[in-house]
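J.: Here is a sequence with its predicted model. Questions after.
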Amino acid sequence: ETGVTQTPRHLVMGMTNKKSLKCEQHLGHNAMYWYKQSAKKPLELMFVYNFKEQTENNSVPSRFSPECPNSSHLFLHLHTLQPEDSALYLCASSRDDKGNEKLFFGSGTQLSVL
Amino acid sequence: AQSVTQPDIHITVSEGASLELRCNYSYGATPYLFWYVQSPGQGLQLLLKYFSGDTLVQGIKGFEAEFKRSQSSFNLRKPSVHWSDAAEYFCAVGANYGGSQGNLIFGKGTKLSVKP
């Protein structure tokens, strides 16, 4: 148990659906992240939030919309996704967003887009 | 631009044998260096990290890594592998001196299988 909880664990959606991924951390951290993990590709940083403010958007398509209502919760809203968006989406947190901080990861949401 | 290379996609070792996973990086200055492990169906867990000082770093689960500036390497080692070490291992490099997590780059990973 890492202290970072992601729901749902698995999600299957059609290209016209709208769904949301949820992440919650119980570690008192101030920074939260969304990563995309695809087969045979390096882990890709998508978004960074520090003290609820977005500090990084790694050129992510607008069909992915993050929301961070407070330092403990992070959402990723999905709409009109493409099959190539199928991947494992990992949430992580750290004390702050400095480069020397240890990341704590959730178990991920395995997303399949049909 | 910084980059990380893990040359081995998949390694198989026998239980009890020693292990070395390779990681090479490209970065202009001394970077932050990390090794993370991912068990099946799980997120990543930090094994160890290097920022400065002693170039031999001890981590959890009996792992260690050595930073070699001259070779731009940060190889992960374990003297005796256990079946529970079967997982995927990721090397990552980050910007030192005030860099943010947005500068953290992960390698593609090395999958470790352990034979009984």
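T.: That came through, no problem. If you're wondering where the values come from, they're calculated on a predicted model, not measured in any experiment. Numbering: from 1, shown residues only, chains lettered A, B, ... in the order given.
J.: CA atoms for contacts and neighbours, from now on please.
T.: Noted.
J.: so A:A87 touches A:K40, yeah?
T.: No: the pair A:A87 / A:K40 is not scored as a contact, 11.0 Å apart, by C-alpha atoms under 8 Å.
J.: Who has more neighbours out of the two?
T.: The neighbour comparison of A:A87 against A:K40 (other C-alpha atoms under 10 Å in any protein chain shown) goes to A:A87, with 17 against 9.
J.: Bridge partners for that one, pull those for me.
T.: Beta-bridge partners recorded for A:A87 (DSSP bridges): A:L111.
J.: Now do the end-to-end distance for stretch B:55-66.
T.: Across stretch B:55-66, the terminal residues are separated by 6 Å (C-alpha to C-alpha, to the nearest Å).
J.: Next, the buried residues of stretch B:37-56.
T.: Across stretch B:37-56, burial judged by 16 or more other C-alpha atoms under 10 Å in any protein chain shown covers B:37-39, B:42-51.
J.: Quick one: those as CSV, columns for secondary structure and distance to chain A too.
T.: Listed next are these as CSV, based on DSSP: H, G, I helix; E, B strand; the rest coil; distance: C-alpha to the nearest C-alpha, whole Å:
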residue, secondary structure, distance to chain A
B:V37, strand, 11
B:Q38, strand, 9
B:S39, coil, 10
B:Q42, coil, 4
B:G43, coil, 4
B:L44, strand, 6
B:Q45, strand, 7
B:L46, strand, 7
B:L47, strand, 10
B:L48, strand, 9
B:K49, strand, 8
B:Y50, strand, 9
B:F51, coil, 7
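J.: Pull the most distant pair out of these.
T.: B:Q42 and B:F51 (26.1 Å; C-alpha to C-alpha).
J.: check contacts around A:P69.
T.: Shown in contact with A:P69 (C-alpha atoms under 8 Å, 6 or more residues apart in numbering or on different chains): A:K52.
J.: name the element it belongs to?
T.: In the assignment (DSSP states H and E), A:P69 maps to strand A:64-70.
J.: Only the buried residues of that strand, if you could.
T.: So for strand A:64-70, counting by 16+ other C-alpha under 10 Å, buried means A:F64, A:P66, A:E67, A:C68.
J.: so what secondary structure elements neighbour the helix or strand that it is followed by?
T.: Next along the chain after strand A:64-70, taking DSSP H and E as the criterion, comes strand A:73-79. Counting contacts by 3 or more C-alpha pairs under 8 Å, 6 or more residues apart in numbering or on different chains; DSSP states H and E, strand A:73-79 is packed against strand A:18-25, strand A:64-70.
J.: what sits against A:L43?
T.: Shown in contact with A:L43 (C-alpha under 8 Å, 6+ apart): A:Y35, A:K36, A:Q37, B:I105, B:F106, B:G107, B:K108.
J.: Quick check: the second one touching A:S86?
T.: So that's A:K36. No: with contact defined as C-alpha under 8 Å, A:K36 does not count as touching A:S86 (9.4 Å).
J.: what's the overlap in contacts for those two?
T.: Counting by C-alpha under 8 Å, 6+ apart, nothing touches both A:K36 and A:S86.
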